[in-house]
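# Kindly generate the corresponding structure for this input.
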Amino acid sequence: MDEPEDAAERADEDRILDAAVTAFYSAQVEHAHLMQHLAVLHDLNPVDLRALKFLGAVDEDRTPKELGRYLEMGTGAVTALLDRLAKRGLLDRVRNLSDRRSVRIELSAEGSQVVGALRAAYRRALSQSVPIDAVDVFIAFTERVSVAFRDASSETGD
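A predicted model of the protein is given here:
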(Lines give C-alpha, C1' and ligand atoms only; values in the text may rest on other atoms or scores of the structure.)
Protein backbone atom coordinates (compact mmCIF):
# COMPACT_ATOMS: atom_id res chain seq x y z
CA MET A 1 0.00 0.00 0.00
CA ASP A 2 2.88 2.35 0.65
CA GLU A 3 4.32 1.95 -2.86
CA PRO A 4 1.94 4.31 -4.72
CA GLU A 5 2.45 6.96 -2.03
CA ASP A 6 6.24 6.49 -2.21
CA ALA A 7 6.11 6.69 -6.01
CA ALA A 8 4.03 9.88 -5.83
CA GLU A 9 6.46 11.40 -3.30
CA ARG A 10 9.42 10.48 -5.51
CA ALA A 11 7.66 12.03 -8.53
CA ASP A 12 7.02 15.22 -6.52
CA GLU A 13 10.67 15.31 -5.41
CA ASP A 14 11.78 14.77 -9.02
CA ARG A 15 9.60 17.68 -10.22
CA ILE A 16 10.94 19.93 -7.46
CA LEU A 17 14.56 18.95 -8.20
CA ASP A 18 13.99 19.47 -11.94
CA ALA A 19 12.70 22.98 -11.21
CA ALA A 20 15.79 23.63 -9.06
CA VAL A 21 18.07 22.38 -11.86
CA THR A 22 16.30 24.66 -14.35
CA ALA A 23 16.73 27.65 -12.03
CA PHE A 24 20.39 26.76 -11.48
CA TYR A 25 20.98 26.43 -15.24
CA SER A 26 19.47 29.87 -15.70
CA ALA A 27 21.82 31.31 -13.06
CA GLN A 28 24.78 29.62 -14.76
CA VAL A 29 23.84 31.09 -18.13
CA GLU A 30 23.58 34.58 -16.66
CA HIS A 31 26.87 34.10 -14.80
CA ALA A 32 28.54 33.09 -18.07
CA HIS A 33 27.14 36.27 -19.66
CA LEU A 34 28.54 38.33 -16.78
CA MET A 35 31.96 36.70 -17.11
CA GLN A 36 31.97 37.27 -20.88
CA HIS A 37 30.93 40.91 -20.42
CA LEU A 38 33.67 41.54 -17.84
CA ALA A 39 36.27 39.76 -19.99
CA VAL A 40 35.41 41.97 -22.98
CA LEU A 41 35.28 45.07 -20.77
CA HIS A 42 38.85 44.37 -19.60
CA ASP A 43 40.05 43.20 -23.04
CA LEU A 44 40.59 39.63 -21.83
CA ASN A 45 39.40 36.29 -23.01
CA PRO A 46 37.18 34.27 -20.64
CA VAL A 47 39.99 31.86 -19.69
CA ASP A 48 42.22 34.80 -18.73
CA LEU A 49 39.45 36.14 -16.49
CA ARG A 50 38.89 32.71 -14.93
CA ALA A 51 42.63 32.53 -14.17
CA LEU A 52 42.59 35.95 -12.51
CA LYS A 53 39.47 34.98 -10.56
CA PHE A 54 41.22 31.82 -9.32
CA LEU A 55 44.33 33.77 -8.34
CA GLY A 56 42.25 36.37 -6.51
CA ALA A 57 40.11 33.86 -4.63
CA VAL A 58 42.56 33.56 -1.73
CA ASP A 59 45.13 35.86 -0.19
CA GLU A 60 48.09 33.69 -1.04
CA ASP A 61 50.22 33.06 -4.09
CA ARG A 62 49.46 30.08 -6.28
CA THR A 63 51.67 27.88 -8.40
CA PRO A 64 51.36 27.41 -12.15
CA LYS A 65 50.56 23.76 -11.46
CA GLU A 66 47.62 24.70 -9.20
CA LEU A 67 46.30 27.07 -11.87
CA GLY A 68 46.66 24.40 -14.55
CA ARG A 69 44.78 21.90 -12.42
CA TYR A 70 41.97 24.41 -11.85
CA LEU A 71 41.70 25.32 -15.53
CA GLU A 72 42.36 21.72 -16.66
CA MET A 73 45.18 22.93 -18.89
CA GLY A 74 48.57 21.44 -19.66
CA THR A 75 51.91 22.98 -18.83
CA GLY A 76 52.44 24.61 -22.23
CA ALA A 77 49.00 26.23 -22.26
CA VAL A 78 49.46 27.50 -18.69
CA THR A 79 52.86 28.96 -19.58
CA ALA A 80 51.34 30.79 -22.57
CA LEU A 81 48.49 32.06 -20.37
CA LEU A 82 50.88 33.30 -17.69
CA ASP A 83 53.11 34.95 -20.30
CA ARG A 84 50.08 36.75 -21.76
CA LEU A 85 48.82 37.94 -18.35
CA ALA A 86 52.30 38.99 -17.20
CA LYS A 87 52.84 40.94 -20.42
CA ARG A 88 49.56 42.77 -19.74
CA GLY A 89 50.80 43.60 -16.23
CA LEU A 90 48.06 41.59 -14.52
CA LEU A 91 50.27 39.19 -12.60
CA ASP A 92 53.82 38.59 -11.49
CA ARG A 93 55.87 35.45 -11.23
CA VAL A 94 57.76 35.37 -7.94
CA ARG A 95 60.57 32.99 -7.00
CA ASN A 96 59.53 30.53 -4.34
CA LEU A 97 61.96 31.18 -1.49
CA SER A 98 61.47 27.71 -0.02
CA ASP A 99 62.06 25.98 -3.40
CA ARG A 100 64.19 28.00 -5.81
CA ARG A 101 63.26 25.71 -8.71
CA SER A 102 59.62 26.80 -8.63
CA VAL A 103 57.70 30.05 -8.97
CA ARG A 104 54.60 31.42 -7.34
CA ILE A 105 52.03 33.57 -9.13
CA GLU A 106 50.61 36.71 -7.59
CA LEU A 107 48.20 39.30 -8.92
CA SER A 108 49.67 42.70 -9.69
CA ALA A 109 47.85 45.86 -8.62
CA GLU A 110 46.17 45.98 -12.05
CA GLY A 111 45.19 42.31 -11.81
CA SER A 112 43.72 42.98 -8.38
CA GLN A 113 41.66 45.79 -9.89
CA VAL A 114 40.17 43.41 -12.47
CA VAL A 115 39.35 40.88 -9.74
CA GLY A 116 37.91 43.75 -7.69
CA ALA A 117 35.57 44.64 -10.57
CA LEU A 118 34.38 41.03 -10.68
CA ARG A 119 33.86 40.95 -6.91
CA ALA A 120 31.91 44.22 -7.11
CA ALA A 121 29.64 42.73 -9.78
CA TYR A 122 29.07 39.67 -7.59
CA ARG A 123 28.34 41.87 -4.56
CA ARG A 124 25.77 43.87 -6.55
CA ALA A 125 24.08 40.71 -7.82
CA LEU A 126 23.99 39.14 -4.36
CA SER A 127 22.72 42.31 -2.69
CA GLN A 128 19.86 42.37 -5.23
CA SER A 129 18.97 38.72 -4.81
CA VAL A 130 19.77 37.63 -1.25
CA PRO A 131 18.25 39.43 1.74
CA ILE A 132 21.03 40.42 4.13
CA ASP A 133 19.48 38.35 6.94
CA ALA A 134 19.66 35.27 4.67
CA VAL A 135 23.31 35.63 3.63
CA ASP A 136 24.45 33.06 6.24
CA VAL A 137 21.98 30.55 4.76
CA PHE A 138 23.22 31.38 1.26
CA ILE A 139 26.85 30.88 2.31
CA ALA A 140 26.10 27.52 3.94
CA PHE A 141 24.09 26.42 0.90
CA THR A 142 26.81 27.51 -1.52
CA GLU A 143 29.51 25.70 0.46
CA ARG A 144 27.45 22.48 0.50
CA VAL A 145 26.77 22.74 -3.24
CA SER A 146 30.48 23.33 -3.89
CA VAL A 147 31.37 20.14 -2.02
CA ALA A 148 28.63 18.21 -3.83
CA PHE A 149 29.90 19.42 -7.24
CA ARG A 150 33.48 18.52 -6.32
CA ASP A 151 32.31 15.06 -5.25
CA ALA A 152 30.26 14.65 -8.42
CA SER A 153 33.20 15.60 -10.63
CA SER A 154 35.44 13.06 -8.92
CA GLU A 155 32.77 10.36 -9.25
CA THR A 156 32.45 10.81 -13.02
CA GLY A 157 36.05 9.79 -13.56
CA ASP A 158 36.58 12.75 -15.90
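# Helices of this structure, start to end?
2-41, 46-56, 64-71, 75-87, 109-129, 135-155 (DSSP state H).
# Out of these, which is the most enclosed?
Of all the helices of the chain, helix 46-56 has the most neighbours on average by mean count of other CB atoms under 10 Å, namely a mean of 19. Using the backbone N, CA and C atoms, a C-beta is placed for each residue, glycine as well.
# From the chain's centroid, how far away is that helix?
Offset of helix 46-56 from its chain centre (CA atoms, centre = their mean, to the nearest Å): 8 Å.
# Compute the distance between Leu17 and Arg10, please.
10 Å (CB to CB, to the nearest Å).
# about what we covered before: take the helices of the chain and write them to TSV, including distance to Ser98 and mean pLDDT.
Below are the helices of the chain laid out as TSV (distance: least, CB to CB, whole Å; pLDDT from 0 to 100):
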stretch	distance to Ser98	mean pLDDT
helix 2-41	34	91
helix 46-56	19	94
helix 64-71	15	92
helix 75-87	20	96
helix 109-129	23	95
helix 135-155	28	92
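# For Arg93, find the nearest of the ones you listed.
For the helices of the chain, proximity to Arg93 was assessed by CB to CB; helix 75-87 is nearest, at 6.4 Å.
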